[in-house]
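Trainee: Below: sequence and its predicted model.
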Amino acid sequence: MRTPIFLIIWLVIAAAVFAGAVAFGNDYVFFAGYVVLQYVVLSTAWNILGGYCGYVNFGSAAFFALGAYSTVAIYKFYPLPIVLLLFIGGAVSGVVGLGMGYLTLRLRGAFFAIATLALAVVMETLVVNWDYVGGSRGAYIIRPEEIEPIGNYIRYLFLIMILLAVAAITIARLIEHSRLGYGFATIRDDELAAEASGVPTLRLKLIATTISGALMGMAGAPFPYYIGYLQPSSTFGLDYAVNSIAMPLIGGTTSWVGPLIGALLLGSLQQIATVTISSAVNLLIVGCLLVGFVIVAPNGIVGLVHKYLQRKPDDFVGRRKVETDAPGIVP
Amino acid sequence: MTDLLRIDNLGKRFGGFIALENISLAVPAGERLGLIGPNGSGKSTLVNCICGTLHNEQGTVYFDGRSVDGLAAHQRTRMGLSRSFQLPRPFVSLSLLDNIRIPLLYAVAARGAHGSTADIEARCIDLLCEVGLDAKARRLPRDLTQVEMRKLELARAMAAEPKLLIADEAMAGLTHSEIEDILALLVRLNERGVTIVLIEHIMRAVMSFSRRLVVLVSGKKIADGRPDEVMRNPEVERAYLG
Amino acid sequence: MIFSFDLLINAVVSGILIGGFYAAVTCGVSLSFGILDIVNIAHPAFVILGSYAAYIVNVSLGFDPILTAIVMTPLFYLLGAVIYQVYYVSFEKRGQESLRGLAFFFGLLFITEVSLVLYFGVDYRYVDAAYIGPSLHVGELDLPLRILVPCLVSLLLIAVLQLILKRTFLGRAIMAVAQDHFALRLMAVNPVRIKRIAFGISIATAALAGAFLIIIQPVEPSVGREYIGRIFAICVLGGMGSLPGTVIAAMLLGIVESLTATFYGPSWAPAVSFGLLLLTLAVRPAGLMGR
């Protein structure tokens, strides 16, 4: 399927979802849906570096928060339209992603992961000590009531997020089917052999980190408008880190489908759980699912579906189907 | 004519352990060089230093007239230096076809030769045919036997269209006729202009293929010359017969 | 910023003392990550678990936390052995450690912390013991016993661990297993069993470190997060697996943190350990091929 067709199909689906939400009658669906779609973007973004390249980023919250805080910083100066803020947030996070990558991507995978965690905390500390954006006291953003012709502002935010989600999965799919996708797969499989085969691994990893960071920043940019009151402790919260890792791993890391499924399933589950049970139990469930899936179903839901349908496992980045009769354990 | 590969006084240590000491070597284009030595003598370390996988503290490696000091491994591959790994390192989530495609997409394309997807795929199939793996083109490396993985390893090194190919123990475990096949393949490559460095323990193969032999023992080069002369060298005899 | 020599000396000494304790928290990771190459990012969670274990016994039976922890070490050892076995079968054997192994430990970190929140709530918990409260006064120096005692016991723990590693067969097998599986098998030693024992010891140290922690400061479940940065900063700075290095690095970190908190304020404290970690990683010549 050519990319433009893919994009059109998903835009149509997005339009249908939006229309359905409007028809639902209760604006709560937009509030809940926004969060789920946000996670679609975050998981897809995480997966570009984590699933495709094999580099685990524990600091997703930092990129997300940078997008959010860019919005706050600019808002205090002059409230720009959200679409513009999206790109600014994306740019800021993208540049930071590039910088972080440059500092840490020469390290082995485990050190890189720890470095991302360290970076997230350092960034949080910087923000907490920066009074212009409210520091530890937090920052308020006044959300406009309505916007023509959509109506309630939350619908506008939902629309933005669903378009961003479509963009994210399209970008992911585009990468998979390009030379870049092949390169990423070799980095994941054997970085040394990739270098020897002529793959410029550092450059590719930097590209992955930048795209991943930028997308996360774009997901964060509208967040202040959504939440109204931005606090460092929750914005930089570890739950973003856990979710952006759990969703792709549970959904399946080898293609754009996995993070989408993971985010839709897990995100919806959490929205329901937060209403019916406490948010702590919610996180416990996520943690348990993560550990469970990682042990029992390393290829995620996508992998399980393939095995169940007994199709020859399509277990690599978007390539044409492959024949194999080896037993199911991933090498 | 300048040598294709020239190594000046190369030295490499791991902490206190001296892996390579004062290695100097000149390989003219078109050469068929055999590199032999007991296990642990530093052959693979030397290959790693030449190709940029390891960094040598002492000495310089010149390839195609340029010093490759500080160049990353992928840059050296793009210059035309290619190697196969002693223990095969296939890309496990990619099919054989895609494994071969990678050097074509990255190393060869970087030199400006852009082929269409169909061209590249045809070239991949050709390469797999040369090593006898075309039947399994769309399978994953985990479906291969050890011997087939070695062949894939060699094919992938060839896919980078190198000027100089280092084959690191590509023949271990092969049958007599398979060895003949691989040797014939290497001879064909050489006739097309590729310089070959063959690292092997199978003496028969090394002796019949090499026009020049280099012997490495405990990180030092102890012999360098025509194969028959080298084998008559008393030091070499000592190294192999103890 | 009020500068006084008195303040400086006390800050440095306080840093050294707390550094001793940090070394105890880190020694388990020096073992699991430094030597065995298992990225147990959940270690701080087990330390907090140890704190709560000491808390329960102290509150219900009035026993001394450190003695409680010593009694608890076999339990924690068992926990470590079980976790390693799962890790080995699911990830190490299949070569999946880098992505999924890491996610596994991250998940464990989360599950442990959230379970503690659900069971104990987010209130700070503290213990009661004879040496919490009084301080030793040596000239200008102020040495609170609640930090001094854990520091000394920590150093004792590390000394014992170092002895085990260097002088016993088990210890040398542990040092060897990271480097050469095959040679170990030839000596009729099962590397998996050795790693399991080592990881068990690693988690057992967490029990003790947890007791020290709750003596030094009140504990609530998210306290573990600050320690992730500290532990890995110390481990990397200390040379990955060298216990003497761990002690020195820990004290260094303690001093830097203490000085920062004293002269710049405590809100910058988390950045110190994580910033030091980043600095160390950036400067350290770790690449694709080497440690």
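Mentor: Yep, it's here.
Trainee: all helices of the stretch 51-200 of chain C, in order?
Mentor: Ranges of helices in the stretch 51-200 of chain C, per DSSP state H, counting those that start in this stretch, are C:65-87, C:102-120, C:145-167, C:169-177, C:181-186, C:191-216.
Trainee: Mind listing what's buried along the strand or helix carrying C:Phe263?
Mentor: Using DSSP states H and E, the element containing C:Phe263 is helix C:243-264. Using 16 or more other C-beta atoms under 10 Å in any protein chain shown as the test for burial, helix C:243-264 gives C:243, C:245-262. (Glycine included, C-beta is placed from N, CA and C.)
Trainee: quick revisit: please identify which of the helices of the stretch 51-200 of chain C is closest to chain A.
Mentor: For chain A, the closest of the helices of the stretch 51-200 of chain C is helix C:102-120, at 3.8 Å, according to C-beta to the nearest C-beta.
Trainee: Please point out which parts of the closest one sit buried.
Mentor: C:102-117.
Trainee: go on, stretch A:165-177?
Mentor: So stretch A:165-177, judged by 16+ other C-beta under 10 Å, has buried residues A:Ala165, A:Val166, A:Ala167, A:Ala168, A:Ile169, A:Thr170, A:Ile171, A:Ala172, A:Arg173, A:Ile175, A:Glu176, A:His177.
Trainee: picking up where we left off before, how far does the helix holding C:Phe263 sit from its chain's centre?
Mentor: Mean C-alpha position of helix C:243-264 versus that of the full chain (C-alpha atoms, centre = their mean, to the nearest Å) differs by 14 Å.
Trainee: How about stretch B:76-87?
Mentor: Put simply, stretch B:76-87 sits 6 Å off its chain's centre (C-alpha atoms, centre = their mean).
Trainee: cool, stretch A:171-188 as well?
Mentor: With C-alpha atoms, centre = their mean as the basis, stretch A:171-188 stands 17 Å off its chain's centre.
Trainee: likewise stretch A:276-294?
Mentor: Its chain's average C-alpha position is 18 Å from that of stretch A:276-294, according to C-alpha atoms, centre = their mean.
Trainee: can you list the residues that contact that stretch?
Mentor: Identification of contacts with stretch A:276-294 by C-beta atoms under 8 Å, 6 or more residues apart in numbering or on different chains yields A:239, A:242-243, A:245-246, A:249-250, A:266, A:269-270, A:273-274, A:300, C:90, C:100, C:103-104, C:106-108, C:110-111, C:114-115, C:117-118.
Trainee: From chain A, how far off is the residue nearest the centre of chain B?
Mentor: Taking C-alpha atoms, centre = their mean, the centroid of chain B lies closest to B:Ile166, which sits 1.5 Å from it. B:Ile166 sits 10 Å away from chain A when distances are taken as C-beta to the nearest C-beta, to the nearest Å.
Trainee: wait, that residue sits on B:Gly80?
Mentor: No - in this structure, B:Ile166 is not within contact of B:Gly80 by C-beta atoms under 8 Å, at 11.7 Å.
Trainee: Excluding chain neighbours, give the residue nearest to A:Met161 in space.
Mentor: A:Leu37 (4.2 Å; C-beta to C-beta, 6 or more residues apart in numbering or on different chains).
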